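> dropping a prediction and its sequence here:
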Amino acid sequence: MIHKKVNTVQDAIAGVKDGMTLMLGGFGLCGIPENAIAELVKIGVKELTCISNNAGVDDFGLGLLLQNRQIKKMVSSYVGENDEFERQMLSGELEVELTPQGTLAEKCRAAQAGFPAFYTPAGYGTEVAEGKETREFNGKMYVLEPAFKADFAFVKAWKGDAVGNLIFKGTSRNFNPNMCGAATITVAEVEELVSVGELDPNQIHIPGIFVQRIFKGEKYEKRIEQRTVRKRN
């Protein structure tokens, strides 16, 4: 049995270099690999291509990498709540590839499953389809989308064990499962790291075969992207 546990976040991100393509799980601020992102900021790696649904907010998540000008290109489904992301995109400082959200998820899953490409109706007849092969199936037009190719995938899970089996909690089960195994190296950070055999096999969402490194994260923040409260009576 191959144990994949590493003791520090520094060991977990070892090998990340300038110019690499990284996948980062999460949706908004939910289920993002906070510890890995913080360490990427610290080591100053740059010229990155980041594949993520969005880019966090200005002072948290991928927003920290954007502030430091460490990201060359973002592949995302929307700009979200990040003003700096919007500013860099509109000024031409940041290359942005906007991708339909379902297509983004499927490009991850296709890479995970070993499929080089797939057809989708999303984006046909729009800028999304420019330069891409199209084909008709049963009277409907589809666009051929290539699977992602990434060097590292960083994901966040609730629980994991030393061989990389993962359980996600609530809505953090968004892009994270699809990104596992979709890159050359998948790094999982977890809130709880348990011994092999402690996880109920029927509850495991991602088997360890899709994970190369796993570590226990620290000091997770439970931020709310848009806090909305009702007035007191």
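All right, it came through fine.
> for the rest of this, base every contact and every neighbour count on C-alpha atoms.
Will do.
> so what's residue 149 closest to, chain neighbours aside?
residue 183 (6.5 Å; CA to CA, 6 or more residues apart in numbering).
> residues contacting that neighbour?
When contacts are counted by CA atoms under 8 Å, 6 or more residues apart in numbering, residue 183 touches 23, 111-112, 149-153.
> what's the spacing between the lengthiest helix in the chain and its chain's center?
In the chain, taking DSSP state H as the definition, the longest helix is helix 101-113. With CA atoms, centre = their mean, to the nearest Å as the basis, helix 101-113 stands 11 Å off its chain's centre.
> using PDB, write down the CA coordinates of the helix or strand just after it.
Per DSSP states H and E, the first helix or strand lying C-terminal to helix 101-113 is strand 117-120. Only the C-alpha atoms of strand 117-120 are listed here, as PDB (Å, rounded to 0.1, in the frame of the first residue of the first chain):
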ATOM      1  CA  ALA A 117     -12.000  15.700 -25.900                       C
ATOM      2  CA  PHE A 118     -15.800  15.700 -25.900                       C
ATOM      3  CA  TYR A 119     -18.700  17.300 -27.800                       C
ATOM      4  CA  THR A 120     -21.000  19.800 -26.000                       C
END
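> now do the buried residues in the helix or strand following strand 117-120.
Per DSSP H and E, the first helix or strand lying C-terminal to strand 117-120 is strand 134-137. Using 16 or more other CA atoms under 10 Å as the test for burial, strand 134-137 gives residue 134.
> any figure for the gap between residue 167 and residue 190?
Distance, residue 167 to residue 190, using CA to CA, to the nearest Å: 9 Å.
> let me fix that: residue 141
41 Å.
> and if you look at residue 125?
Distance from residue 125 to residue 190, by CA to CA: 41 Å.
> pick out whichever of those two has more residues nearby.
residue 190 (25 against 13; other CA atoms under 10 Å).
> ok so, going back, between residue 167 and residue 190, what contacts are shared?
With CA under 8 Å, 6+ apart, residue 167 and residue 190 have common neighbours 157-160.
> which ones among those residues map onto strands?
Of the positions in the shared contacts of residue 167 and residue 190, 157-160 sit in strands, assigned by DSSP state E.
> give me the buried entries from those.
157-160.
> reformat these as a markdown table; add distance to residue 219 and pLDDT.
As requested, those are exported to a markdown table (distance: CA to CA, whole Å; pLDDT from 0 to 100):
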| residue | distance to residue 219 | pLDDT |
| --- | --- | --- |
| 157 | 14 | 97 |
| 158 | 13 | 96 |
| 159 | 15 | 97 |
| 160 | 17 | 97 |
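> tell me the one of these nearest residue 56?
Lowest distance from residue 56 to these (CA to CA) belongs to residue 157, with 17.5 Å.
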